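> show me how the following folds:
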Amino acid sequence: MRIAVIGAGAMGSVYGGLLSERNEVWLIDSRSELVDRIRAEGLLIEEEGSSRLYRPKASLSAEGLPEMDLVILFVKAFSSEEALRKNRKLIGKETRLLSLQNGSGHEEILGQFAKRERIIIGTTEDNGAVLGLGHVRRGGSGKTNVGMLCEDREAFLPRLKESFDACGFSVHIYGNIQQLIWDKLLINSSLSAVTGILQVKMGYISADEHAWNLCCALIHEAAEAARALGLCAEEEEIREKVRRTSLRSPEGITSIYADLRDGRRTEVDTISGSVVRAAQRLGIEVPCQRFVVDMIHAMEGRGCQAGSL
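Below is the predicted model of the structure:
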């Protein structure tokens, strides 16, 4: 399969590197030093105590590249439209677009560049970390969950699963992908949001009474919105899942935490912001979720350092 991965950060590199074993893969990234390193030395991926060198192709743009069978988007959600516009030449009539990004609502942007039947939405339970230029760690393997917005009449998803599974992933195909996206959103809009605001690691959320109370309030509001959308959202089950995540990864950090710590823009608009927008359409009040969105935007770009609050 001919695949382009737009965004060679931690997750883009993990997917691009592993998929290059059995596919023709291009990593597209705007950082010339990273592209030059991958071209010259390859992409080093650490996993379970060992390292392996992969050789995906690397490019600064779509210029001169062929149309792809699959384009995977791994940029921050707020950069999606610009990234696809700049790399539009990768997208032909038969090209599928896949988003495994955090949050929800990505299909609206993807729909500007491909027909509805060519859009794949999903989530990933994999995680990764950048260790250096052209050097990443696959911190843990999990399911890659995918689904389409309409019937998969050409049976592309089974082909995708076969290709990804052969490269070390575990793809699960879902009929109701929105349920899966909201399952992840319910966790990110509570646990991730609170770790970001408090600038704490995940273990703090279950250990501190006040942090936990705030987390539960956010879960309640998001679950109410999910149920109004016709999705399943059992609050007790969600709270227990969040608590287990906090206990099992006490030193874990979330992307919102890291972005605020490093003074970067976050993806809060596609996480907590997605809950707020859904609730507004449904006539549901979500004051805690609104507060989180405003607070995180207020913190963005101020160079917040971990533990400085």
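
> and the spatially most central residue of the chain, what does it touch?
The geometric centre of the chain, computed from its C-alpha atoms, lies nearest to Gln101 (CA atoms, centre = their mean), at 2.7 Å. By CB atoms under 8 Å, 6 or more residues apart in numbering, Gln101 lies in contact with Leu73, Phe74, Val75, Lys76, Ala77, Ser80, Glu267, Thr270. Where you see a C-beta, it was placed from the backbone N, CA and C, and this is true even at glycine.

> Thr296 and Arg116, how far apart?
For residue 296 the amino acid is Ile, not Thr. Distance of Ile296 to Arg116, computed by CB to CB, to the nearest Å: 31 Å.

> more neighbours: those two, which one.
Each of Ile296 and Arg116 has its neighbours counted (other CB atoms under 10 Å); Ile296 has more, 23 against 11.

> secondary structure element for the more buried one?
helix 287-299 (DSSP states H and E).

> list the helices and strands that helix packs on?
helix 193-198, helix 209-228, helix 255-261, helix 272-282 (3 or more CB pairs under 8 Å, 6 or more residues apart in numbering; DSSP states H and E).

> Three-state assignment for Ser30, please.
coil (DSSP: H, G, I helix; E, B strand; the rest coil).

> skipping its backbone neighbours, what lies nearest it in space?
Leu60 (6.3 Å; CB to CB, 6 or more residues apart in numbering).

> with Glu234 instead?
Ala223 (7.7 Å).

> about what we covered before: the contacts of Gln101: which two are farthest apart?
Farthest pair in the contacts of Gln101 (CB to CB) is Phe74 and Thr270. Separation: 13.8 Å.

> more neighbours, these two?
A count of neighbours by other CB under 10 Å puts Phe74 above the other of Phe74 and Thr270, at 26 against 22.

> okay, now the residue nearest to Ser206 when sequence neighbours are not counted: neighbour count?
Sequence neighbours aside, Ser246 is the residue nearest to Ser206 in space, at 3.9 Å (criterion: CB to CB, 6+ apart). Neighbours of Ser246 under the rule other CB under 10 Å: 23.

> what of Gly132?
8.

> would Val136 count as being in a strand?
Yes - checked against three-state DSSP, Val136 lies within a strand.

> wouldn't it be in contact with Gly16 here?
No - the pair Val136 / Gly16 is not scored as a contact, 9.9 Å apart, by CB atoms under 8 Å.

> give me the more crowded residue out of those two.
Using other CB under 10 Å, the more surrounded residue of Val136 and Gly16 is Gly16, with 31 against 24.

> about what we covered before: convert the helix holding Ile296 to PDB, retaining C-alpha atoms only.
Output in PDB follows, covering the C-alpha atoms of helix 287-299 (Å, rounded to 0.1, in the frame of the first residue of the first chain):
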ATOM      1  CA  PRO A 287     -20.200  24.900  33.000                       C
ATOM      2  CA  CYS A 288     -17.200  22.800  34.200                       C
ATOM      3  CA  GLN A 289     -16.300  21.900  30.700                       C
ATOM      4  CA  ARG A 290     -16.600  25.500  29.600                       C
ATOM      5  CA  PHE A 291     -14.400  26.600  32.500                       C
ATOM      6  CA  VAL A 292     -11.800  24.100  31.400                       C
ATOM      7  CA  VAL A 293     -11.700  25.300  27.900                       C
ATOM      8  CA  ASP A 294     -11.300  29.000  29.000                       C
ATOM      9  CA  MET A 295      -8.700  28.100  31.600                       C
ATOM     10  CA  ILE A 296      -6.500  26.100  29.300                       C
ATOM     11  CA  HIS A 297      -6.700  28.800  26.600                       C
ATOM     12  CA  ALA A 298      -5.700  31.300  29.300                       C
ATOM     13  CA  MET A 299      -2.700  29.200  30.100                       C
END
